[in-house]
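J.: sequence plus predicted model, see below.
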Amino acid sequence: PERWRPSGVVHGTPGRADPPRPPRPPFLINEFLAHSTDPQEDAIELHNPTDAPVDMSGWFLTDTFAVPQKFRLPSPTILPARGFAVFTESHFNPTPGQSPSFALGADGDDVWLFSVDEAGRLSGYVQGLDFEATANGVSLGRHTNSAGDVDYPPMAWLTLGEPNAAPRVGPIVISEIMYHPASTGATNQPASFIELANISTTNVSLADPAAPNNTWRLRDGVTFAFPPGAALPPGHRLLVVGFDPDADARTRAAFVSLYGVPPGVPLLGPWEGGLANDGDTLELAQPDAAQGQDSPSMLVDKVHYLDRAPWPAGADGSGASLQRRMLDSYGNEPTNWFASTPTAGAANQPNVLPTVQLTAPSEEVAFQWPAEVLLAASAEDSDGRIIRVEFFNRGQKLAEIEEAPYTFLWTNPPPGSHLLKAVAVDDRLGTTTSDATEITLVAPPPVVRLLAPADGAVLLAGSTITVAAEAEPAAGQIDRVRLFAGPTLLAELLAPPFE
């Protein structure tokens, strides 16, 4: 896919080469308001992130990807360095209901920016998105997290013509995720859960009061519609699980016992789908009560977790859960999550990760094979204790030591290069990996003997001569044997008999 691009010419170039792709400009849709009431208007904000002014005269804005040429930016449209330009319905919807005028849909729509060349023709660059319903007066804005992922979440306040505000957070947030419980490779099993927390100061109904069957939902990796009448008081939590907690009393009791769920914490389920072990997306959405029965859903919170950096890898099958560090900060931010002992239904408890250093063997040491190699590590935990240190060679676990001194004698390691690491695990299942140490075990050369012809043999010129050898490896197996007459290579043999 990365070897293809949109044509730089409308209708393509059938029968002839496409012209070179123009430079890809970095200009983008930065914020937009799609749900407005008088005196507000729908609005689209463009941003120039470069250090030089740019002329965007003649570019197009549209709400339909297949119909790019709806609103042409007037001439001149000069975006200053690091600057903004805002266009409202008075610009792109001067004659409502008549093409090419358009307004952005409050219950979801598209918004796209198309580039043009010097002649005013579409030149192949497009940037934009489709979006879902938004609350009245709430804009969606571009937000880039620490991993470089771009979202357009609801903004905390309207900032048209200015740098974007922080994303809106709450009133309900995804606060803890157990996506890969210990000792299993299965997904959607009874030990998995999603915790939600009310970070506001008021009781939050999880349904539209005027339409009780129009409820909040979890979606994407798992889907779950909250029951009519469900609500969450301020500061409280609830748990959503993959089994039916009302119909399956035995599993419910085992779950509550496993995690020590506090009394009174609501347990809801079952969800459909499953939380993937290698990464998934969770979204919390609420109905737009202002639009009545069967109103569209609006995004409240989103988390796209992974089982590897920059997300905390310690939550992947170790028994630890993924926990939100600051409930009032953006959810789809890897640095706002940590792995720790599950606190299902209770407040998350930040964990200071342990420290660990591989103290033996030394870096780049060469051992003569066969050999025994002593692995040693030092590990400390400032807010708890170390429960084990694990030793690895290129990702394969060699040993697990539960008490100091953290040492392991590796007997009969194979010859070759090895990359060793130590992983410390603390009493809240936080993990830290040491820097890698590379060592080499050098095997002695193989033994080879020429069997034929015999040393000193006198042979008839022009006759066929059998040249044979045998070889024994010091370790592993013989890869090949080469036979020579003086400097001349006679044969290269890959398997016995070597003759």
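T.: Everything's here; your move. Numbers count the residues shown, from 1 in each chain.

J.: okay, and the beta partners of the residue nearest to the spatial centre of the chain?
T.: With distances taken as Cα atoms, centre = their mean, the residue of the chain nearest its centroid is residue 306 (4.1 Å). Beta-bridge pairing for residue 306 (DSSP bridges): residue 279.

J.: for it, give its distance to residue 336.
T.: Going from residue 306 to residue 336 by Cβ to Cβ, to the nearest Å gives 14 Å. To be clear about C-beta, it is placed using only N, CA and C from the backbone, and glycine gets the same treatment.

J.: can you check residue 113 too?
T.: Residue 113 is 30 Å from residue 336, by Cβ to Cβ.

J.: tell me which of those two has more neighbours.
T.: residue 113 (21 against 17; other Cβ atoms under 10 Å).

J.: for residue 131, give me phi and psi.
T.: Backbone geometry at residue 131, expressed as degrees, to the nearest 10, gives phi -140, psi 160.

J.: list the contacts of it.
T.: 34, 108, 109, 110, 111, 140, 152 (Cβ atoms under 8 Å, 6 or more residues apart in numbering).

J.: in helices, which of those fall?
T.: With helices defined by DSSP state H, no entry of the contacts of residue 131 lies inside them.

J.: any chance of TSV for those, columns distance to residue 122 and pLDDT?
T.: As requested, the contacts of residue 131 are exported to TSV (distance: Cβ to Cβ, whole Å; pLDDT from 0 to 100):
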residue	distance to residue 122	pLDDT
34	24	97
108	25	94
109	21	96
110	17	96
111	17	98
140	25	98
152	24	97
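
J.: where in this structure is pLDDT low?
T.: Where the chain drops to pLDDT under 70, the residues are 8, 22, 24, 183-189, 290-294.

J.: longest helix in it, by number of residues?
T.: Every helix in the chain considered (DSSP H), the longest is helix 249-259.

J.: so what touches that helix?
T.: Contacts for helix 249-259 (Cβ under 8 Å, 6+ apart): 190, 191, 193, 241, 243, 245, 246, 261, 267, 342, 344, 345.

J.: same check on stretch 76-93?
T.: Counting by Cβ under 8 Å, 6+ apart, 27, 30, 41-57, 59, 61, 70-71, 73-74, 96, 101-103, 160-162 sit against stretch 76-93.

J.: recalculate using a threshold of 7 Å.
T.: 30, 41-57, 61, 71, 101-103, 160-162 (Cβ atoms under 7 Å, 6 or more residues apart in numbering).

J.: mind checking what helix or strand follows the longest helix of the chain in sequence?
T.: Remark: after helix 249-259, the chain's next helix or strand is strand 267-268, criterion DSSP states H and E.

J.: what helices or strands is that next one leaning on?
T.: Under the contact criterion of 3 or more Cβ pairs under 7 Å, 6 or more residues apart in numbering; DSSP states H and E, strand 267-268 touches strand 237-241.

J.: what helices or strands is the strand it packs on leaning on?
T.: strand 193-198, strand 267-268.

J.: and that strand, which strands flank it?
T.: strand 193-198 (antiparallel), strand 267-268 (parallel).

J.: from the chain's centroid, how far away is it?
T.: Here strand 237-241 is found 23 Å from its chain centre; the criterion is Cα atoms, centre = their mean, to the nearest Å.

J.: just the CA trace of it, in CSV.
T.: Provided in CSV are the C-alpha atoms of strand 237-241 (Å, rounded to 0.1, in the frame of the first residue of the first chain):
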residue,chain,number,x,y,z
ARG,A,237,-16.6,2.9,40.2
LEU,A,238,-18.2,0.0,38.4
LEU,A,239,-16.9,-3.1,36.6
VAL,A,240,-17.9,-4.5,33.3
VAL,A,241,-17.0,-8.2,32.7
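
J.: contact partners of it?
T.: Counting by Cβ under 7 Å, 6+ apart, residues outside strand 237-241 touching it are 175, 193-197, 218, 224, 232, 255, 261, 265-271, 344-345.

J.: circling back: go through the contacts of helix 249-259 and name the one nearest residue 203.
T.: residue 345 (17.9 Å; Cβ to Cβ).

J.: so what's the closest one up against?
T.: The contact partners of residue 345, by Cβ under 7 Å, 6+ apart, come to 195, 237, 239, 261, 262, 265.

J.: are any of these buried, and if so which?
T.: Neighbour-count burial (16 or more other Cβ atoms under 10 Å) is assigned, among the contacts of residue 345, to 195, 237, 239, 261, 265.

J.: can you give me the strands for the stretch 201-350 of the chain?
T.: Along the stretch 201-350 of the chain, the stretches classed as strands by DSSP state E, counting those that start in this stretch are 204-205, 207-208, 211-215, 217-220, 222-225, 231-232, 237-241, 267-268, 272-273, 279-287, 297-306, 321-324, 337-340.

J.: give me whichever of the ones you listed is most buried.
T.: Most buried of those, by mean neighbour count (mean count of other Cβ atoms under 10 Å): strand 321-324, with a mean of 25.

J.: now do it: which elements does it pack against?
T.: Applying 3+ Cβ pairs under 7 Å, 6+ apart, we find strand 321-324 packed against strand 172-178, strand 337-340.
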